[in-house]
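**Q** below are the sequence and a predicted model for it; my questions follow.
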Amino acid sequence: MDALEVIFTRRSIRRYTNEAVTEDNIKTLLEAGMNAPSANNSQPWHFIVVDERAKLNAIMEVHPYSRMLAEAPLAIIVCGNPAISKFWQQDCAAATQNILLAARALNLGTVWLGVYPDEQRAASVATLFGVPDPIKPMCIIAVGHPAEHKGRVERYDASKIHKNGW
């Protein structure tokens, strides 16, 4: 699958089979995340790989939009260090997008679950996983083999394009 097909067919997948994600695929996803651009090459990210069912279930207790983790065999929590870069959120967002696209290229399904800047949600996730200060959980990515298939959606909107000014 070429890069443009990956980008245009990436969709949020909320239903998964019970097939595990291989260690090789997990490493590939993390390598993709760590190859994202970051301000001044600061690489302020950290990743928590969650594959224990009890921990996946615990996330559902603290994140109101995480019910798909009942089926997902894996979650990756993307965290950032604000002490390293004031642009940690953008850097972690780029890492997250790389993971989402790499997963699509591997025929895996994902969905991005926002955590930060919801302070209560971030604190709950940090407590659950023992995240030290000043690290902040930014988002959770549910990962698995898709049990649903969604087609490409046309999202191009010419009315949102402004040339040489607004």
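**A** Thanks, I have the structure now.

**Q** quick one: contacts for the residue positioned nearest the centre of the chain?
**A** Closest residue to the average C-alpha location of the chain: I141 at 3.5 Å, with CA atoms, centre = their mean. I141 is in contact with 75-78, 96, 99-100, 103, 110-113, counting by CB atoms under 8 Å, 6 or more residues apart in numbering. Heads up, the C-betas are built off the backbone N, CA and C, glycines and all.

**Q** what bridges to T110?
**A** Beta bridges link T110 to S12, V143 when assigned by DSSP bridges.

**Q** who touches it in this structure?
**A** 12-13, 99-100, 103-104, 141-143.

**Q** 10 Å - rerun?
**A** 10-14, 16, 29, 68, 72, 74-76, 96, 99-104, 141-144, 146 (CB atoms under 10 Å, 6 or more residues apart in numbering).

**Q** count residues in the vicinity of N81, would you?
**A** 19 (other CB atoms under 10 Å).

**Q** against D91, how distant is the residue lying closest to it once chain neighbours are set aside?
**A** Sequence neighbours aside, P44 is the residue nearest to N81 in space, at 4.4 Å (criterion: CB to CB, 6 or more residues apart in numbering). Distance from P44 to D91, counting by CB to CB, to the nearest Å: 5 Å.

**Q** ok, back up a step: could you verify that the residue nearest to the centre of the chain is part of a helix?
**A** No - assessed with DSSP: H, G, I helix; E, B strand; the rest coil, I141 is strand; it does not lie in a helix.

**Q** and T22, how many residues sit next to it?
**A** 11.

**Q** correct me, but it touches T28?
**A** Yes - if you go by CB atoms under 10 Å, T22 and T28 touch, sitting 9.1 Å apart.

**Q** overlap in contacts, the two.
**A** Residues within reach of T22 and of T28 at once, by CB under 10 Å, 6+ apart, are 106, 108.
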